[in-house]
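S.K.: model the following, please.
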Amino acid sequence: MGDLKLGLAQGYWGAAPNPNFVEMAQEAEKLGYDSVWSAEAWGNDAFTPLCWIGAQTSKIQLGTAVVQLSGRTPTSCAMHALSLDYLSGGRFNLGLGVSGPQVVEGWYGRPFPKPLARTREYIDIIRQVFKREGPVTNAGPHYPLPYPGDDGMGLGKPLKPIVHPLRNEIPIFMGAEGPKNIALSTEIADGWIPLFYNPYDESVYEESLINAPKDFQINQMVTVNVTDDIDAALLSFKYFMSFYVGGMGAKNTNFHKDLFIRMGFEEEAEKIQQLFFEDKRDEAARVIPDELADAMTLVGPKERIKERLQAWRDSRVTTLLVSTTDKQQLREVADLVL
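M.R.: Residues are numbered from 1 along each chain as shown. Below is the predicted model:
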C-alpha cells in the first residue's frame with residue numbers, strides 16, 4: 001500500500017460553527033495535511049465553510065464529506081462544485097451521498113426509494129456539466145432534463161453551462177455503507193468515504209471493492225486521541241458509534257445498524273437500538289466491545305498509536321481523516337503519520 005495521507009474532518013456544525021475552524025485548516029495546511037472536509041446534516045450546508053477556508057488557504061484540498069443528494073438538483077450541485085473549484089484554483093473534491101429516509105423525506109420533503117438509481121443519474125448529470133461537451137440532458141426517471149411533466153410549461157431547453165470549468169474532471173467521492181452502494185462507488189466515483197472501517201478485518205467490504213480501480217481512493221474518518229486514559233478515549237468513540245447504530249434511523253431502516261450486523265455484531269446491534277429507544281444512551285454505548293472500538297480508532301500514548309498505525313498503512317485506506325478541534329492533537333498526528 002502507498003503512504004497514508006492525512007485529512008482534517010470538520011464534520012457538520014452543532015448549534016454554531018467551531019470558532020477556530022479556519023485556523024485549524026490553516027494549521028493542517030502548514031503541517032502537510034492533504035485535505036480538509038466539511039459535512040452537512042440538517043443545519044449548515046457543506047459548501048459554505050469550504051469557501052471560507054479556501055479563501056484563507058492556498059494548497060490544502062477542499063472536500064465535502066458529504067453533501068446530500070436530495071438537498072440540491074444535480075445541476076445545482078455541479079454549479080456549487082465548479083464555482084468552488086474555480087475559486088480555490090482546482091482544489092475541490094465533491095463527496096456526496098443519499099443520506100437516509102428520515103432526513104430525505106422529513107427535512108427535504110423528497111422521496112427516498114431507489115437510492116442507487118438516483119445516485120447513478122445524479123453523478124452522470126454532474127459529470128456532463130463538468131465535461132461541458134454539449135447541452136446537459138437526462139432521460140430520467142429521477143432527474144429528467146429538460147423537465148417533461150404535464151404540470152410544466154413544456155418550454156424546458158437543454159443548456160450547456162456558461163462557465164468553462166477550470167477542471168473537466170473534479171474528483172467525486174461517494175459516502176456509502178450498503179454493499180451495492182459501495183460497489184457502485186467503485187464503478188462511477190473516484191473514491192469512497194466510509195463511516196466505519198476496521199483495518200484489522202476488511203472482509204465486510206471485500207466483495208464490494210472487488211472491481212475497484214488501482215487508483216481508487218478511500219478516505220476514512222478516524223478518532224485520534226493521544227492520551228494515557230485509553231478507556232475514556234474508547235468510551236467517547238462508543239458514544240459516537242452507538243448514536244449512529246441506535247439513533248440514526250428508524251427501527252427497521254437503519255443503514256448504520258445494518259453495517260454493524262454485517263460486521264458480526266447482530267446481538268449487540270439489537271441491544272444498542274433497544275437501549276437507545278429506552279433513552280438509556282450510557283448503557284447503549286457500553287455495549288460496543290472494547291476490541292472493536294479500539295480497532296477503529298487510534299487512541300493511547302504516542303508509542304501505542306505508532307504501532308497501531310501499521311494496520312491502517314496495510315489496509316486499503318488511502319487517507320485518514322482526523323476529527324479534532326485541537327491544534328496540539330493535529331500536530332501530534334502529523335508527527336506520527338507524516
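
S.K.: following element in sequence after the worst-scoring helix or strand of the chain on mean pLDDT, please.
M.R.: One helix or strand of the chain scores below all others by mean pLDDT, DSSP states H and E: helix 255-262, with a mean of 88. On the C-terminal side of helix 255-262, the nearest following helix or strand under DSSP states H and E is helix 266-277.

S.K.: next, the angle from that next one to helix 255-262.
M.R.: Helix 266-277 and helix 255-262 are oriented at 150 degrees to each other (axes from the mean of the first three to the mean of the last three CA atoms, to 10 degrees).

S.K.: before we move on, the earlier item: now the least confident helix or strand of the chain: buried residues?
M.R.: Neighbour counts using 16 or more other CB atoms under 10 Å place 255-262 of helix 255-262 among the buried residues. For every residue, glycine as well, the C-beta is placed using N, CA and C.

S.K.: from the contact counts, what lies against that helix?
M.R.: Where contact means 3 or more CB pairs under 8 Å, 6 or more residues apart in numbering; DSSP states H and E, helix 255-262 is packed against helix 230-247, helix 266-277.

S.K.: alpha carbons only: can I get that helix in CSV?
M.R.: In CSV, the C-alpha atoms belonging to helix 255-262 read as follows (Å, rounded to 0.1, in the frame of the first residue of the first chain):
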residue,chain,number,x,y,z
PHE,A,255,-28.1,1.5,7.4
HIS,A,256,-25.6,2.0,10.2
LYS,A,257,-27.2,-0.8,12.3
ASP,A,258,-27.2,-3.0,9.2
LEU,A,259,-23.5,-2.4,8.7
PHE,A,260,-22.8,-3.2,12.4
ILE,A,261,-24.7,-6.5,11.9
ARG,A,262,-22.7,-7.3,8.7
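
S.K.: which outside residues touch that helix?
M.R.: 100, 177-179, 195-196, 204, 244-246, 248-249, 268-269, 272-273 (CB atoms under 8 Å, 6 or more residues apart in numbering).

S.K.: helices of the chain, residue ranges please.
M.R.: Using DSSP state H, the helices of the chain run over 21-31, 47-55, 74-87, 101-106, 115-131, 179-188, 203-206, 230-247, 255-262, 266-277, 281-287, 290-296, 302-314, 327-337.

S.K.: in the protein, which residue is most central in space?
M.R.: Ala65 (3.5 Å; CA atoms, centre = their mean).

S.K.: give me the nearest residue to that residue, chain neighbours excluded.
M.R.: In this structure, Ala65 finds its nearest non-sequential neighbour in Trp37, 3.9 Å apart by CB to CB, 6 or more residues apart in numbering.

S.K.: what angle do the least confident helix or strand of the chain and helix 230-247 make?
M.R.: Relative orientation of helix 255-262 and helix 230-247, computed by the same axes, to 10 degrees: 110 degrees.

S.K.: now helix 255-262 against helix 179-188, angle please.
M.R.: If you take the same axes, to 10 degrees, helix 255-262 sits at 100 degrees to helix 179-188.

S.K.: what distance separates helix 255-262 from the centre of its chain?
M.R.: Centre-to-centre, helix 255-262 and its host chain are 17 Å apart (CA atoms, centre = their mean, to the nearest Å).
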